[in-house]
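K.L.:
Structure, please.
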Amino acid sequence: MLYLQDIETRTSVEQEFVISREFNAPRALVFKAFTERERLAAWWGPKDFKIRVEKLDLKPGGVFHYSMTTPGGEEWWGRFIYREITPPERLVFVNSFSDDNAGLARAPFAPTIPLEMLSIVMFTEHNGKTTVALKAVPLNATSEEVSTFVGMRESMQKATLDQLAQFLANTH
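P.N.:
Next up is the predicted model:
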């Protein structure tokens, strides 16, 4: 298993983005929302963006490659490179912006966002409800990129998990 203290860049607690939220859904369903093509397309990404999944290869070394169309019609690309998949308990992946061929790319709206971020997602269930705990850290980032990452915490905590809650409320 990979833990944050094992990653290549040795980050401090101040550099971590951590969020936890409870959902009124069983763990198996919440895990599927993170790992199935149609479900990811229904909730992943910023609010009011349209998501299209280009590829989802759910295995270590596999890729989730997607496009996001902004409300203004711009197309942005992103990808996960999976490192660990332990259904229905844990996902570990490197998250980044990409080009349309899944190659690594800078964020189109902020050039100092880290190129890559390691994300660890844990799923725990209690009495039919699931807690999702997510930790993310910048990988191989410059001090300027780390500063940008730390400054983005508030905006990262908002929309996506709200969209997941809404999706799960309407899903069986």
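
K.L.:
next structured bit after the worst-scoring helix or strand of the chain on mean pLDDT?
P.N.:
Lowest by mean pLDDT, DSSP states H and E among the helices and strands of the chain is helix 153-156, with a mean of 68. Of the helices and strands lying after helix 153-156 in sequence (DSSP states H and E), the nearest is helix 159-169.

K.L.:
So what touches that next one?
P.N.:
For helix 159-169, the external contacting residues (C-beta atoms under 8 Å, 6 or more residues apart in numbering) are 19, 21, 23-25, 29-30, 33, 39, 42-47, 132. Just so you know, the C-beta spots here come from the backbone N, C-alpha and C atoms, and that holds for glycine as well.

K.L.:
Surely V146 is in a helix?
P.N.:
Yes: residue state for V146 (DSSP: H, G, I helix; E, B strand; the rest coil) corresponds to a helix.

K.L.:
and it, how many neighbours?
P.N.:
By the measure other C-beta atoms under 10 Å, the count of residues near V146 is 19.

K.L.:
now do V18
P.N.:
14.

K.L.:
Grab the nearest non-local neighbour of it.
P.N.:
If you skip the residues right next to it in sequence, V18 has K135 as its closest partner in space, 5.1 Å away by C-beta to C-beta, 6 or more residues apart in numbering.

K.L.:
List the contacts of the one you found.
P.N.:
The contact partners of K135, by C-beta under 8 Å, 6+ apart, come to 4, 16-18, 119-120.

K.L.:
how about the helices in this structure?
P.N.:
27-35, 37-43, 143-151, 153-156, 159-169 (DSSP state H).

K.L.:
can I get those in CSV with distance to F109?
P.N.:
Putting these into CSV (distance: least, C-beta to C-beta, whole Å) gives the following:
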stretch, distance to F109
helix 27-35, 24
helix 37-43, 21
helix 143-151, 11
helix 153-156, 11
helix 159-169, 15
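
K.L.:
of all those helices, which lies closest to T124?
P.N.:
Nearest to T124, of all the helices of the chain, is helix 27-35, at 7.1 Å by C-beta to C-beta.

K.L.:
and that closest one, what does it pack onto?
P.N.:
Contacts defined by 3 or more C-beta pairs under 8 Å, 6 or more residues apart in numbering; DSSP states H and E place helix 27-35 against helix 37-43, strand 116-126, strand 129-139, helix 159-169.
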